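I'd like to go over a predicted model; first the sequence, then the structure.
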Amino acid sequence: MRPRTRAHGRGFTLVELMTVVAILGILSAVAITLMRGHMRAGKTASALAGVKWVVAGQTAQRSERGQFLDCSGTAAKYYPMQTPGKQAYSWVQTAHPDYARWAALGLPAEDRTQFGYLVNAGLSGAAYPTLQTTTKPTIPASADPWYVIQFMSDLDGDGVFMKGVATSLNAEVYVEREGE
């Protein structure tokens, strides 16, 4: 049996056109879902890059001084900006009240970030800071010096913040509303 051929100049049938539109719709939905996943992962990777930088600076502080550096002081002001959001800021913010502490970690002068960070540190038995996340991850008690890194940003400006916590006490990074 031979396949049907079309006479010259004849268009597609309605069923054929609807089939093509349906296939394109399915492919578009899959592509959008994949793109959102990649964007979410990219936003999370940006936050984690800042966490890694802080961890490296804190490791150097502990090697040199025997304890970690409390970068955020008692004012609990995010660094490098006080209100994290859509705008990216340079890590070098000389007007920030905690700049000198952050500079001691060795700021990445060429980079910019949309995330604000709080870094508190203490000695054995000192109270941990109040966590800014909605769900509080469990931080184990420590007989050693410790630090807690908190980060957040409203990357898309919709008023919903991506927040996270990392500590010197374990290798986990807790993230809520990832990619928000």
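Nice, thanks for sending it over. Numbers count the residues shown, from 1 in each chain.

quick one: secondary structure of A56?
Of the three states, A56 takes helix according to DSSP: H, G, I helix; E, B strand; the rest coil.

do you know how far it is from S63?
Using Cβ to Cβ, to the nearest Å, we find A56 at a distance of 11 Å from S63. Yep, even glycine has a C-beta here, placed from its N, CA and C like the rest.

Those two: who's more crowded?
A56 (13 against 8; other Cβ atoms under 10 Å).

what about the spatially most central residue of the chain, is that helix, strand or coil?
In the chain, the residue lying closest to the centroid (Cα atoms, centre = their mean) is A47, at 2.9 Å. Recorded secondary structure, A47: helix (three-state DSSP).

ok, G85 - how many residues close by?
18.

Now for it: which residues touch it?
Q114, S153, D154, G157 (Cβ atoms under 8 Å, 6 or more residues apart in numbering).

do that again at 7 Å, thanks
S153, D154, G157 (Cβ atoms under 7 Å, 6 or more residues apart in numbering).

Surely the second one and G179 touch.
Same thing as D154. No - counting by Cβ atoms under 7 Å, G179 is not a contact partner of D154; they are 11.9 Å apart.

quick one: the helices in the protein?
14-65, 99-103 (DSSP state H).

Columns distance to V119 and mean pLDDT on top of these, output as TSV?
Shown next, in TSV, are those (distance: least, Cβ to Cβ, whole Å; pLDDT from 0 to 100):
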stretch	distance to V119	mean pLDDT
helix 14-65	6	80
helix 99-103	8	92
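
Adding distance to G125, write these out as JSON lines.
Formatted as JSON lines, those follow (distance: least, Cβ to Cβ, whole Å):
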{"stretch": "helix 14-65", "distance to G125": "17"}
{"stretch": "helix 99-103", "distance to G125": "22"}
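
For T167, which of these is the nearest?
Nearest to T167 among the helices of the chain is helix 14-65 (10.0 Å), distances taken as Cβ to Cβ.

Give me the buried positions along stretch 132-149.
Q132, T133, P137, I139, S142, P145, W146, Y147, V148, I149 (16 or more other Cβ atoms under 10 Å).

And those residues, which is closest to W91?
I149 (14.4 Å).

so what pLDDT did the closest one get?
Per-residue pLDDT puts I149 at 95.

Distance-wise, check the residue nearest to it when sequence neighbours are not counted relative to S153.
Taking Cβ to Cβ, 6 or more residues apart in numbering, and ignoring the residues beside it in sequence, I149 has A166 as its nearest neighbour in space, at 4.5 Å. Using Cβ to Cβ, A166 is found at 15 Å from S153.

what does L17 give?
45 Å.

Could you check which of these two has the larger neighbour count?
S153 (27 against 11).
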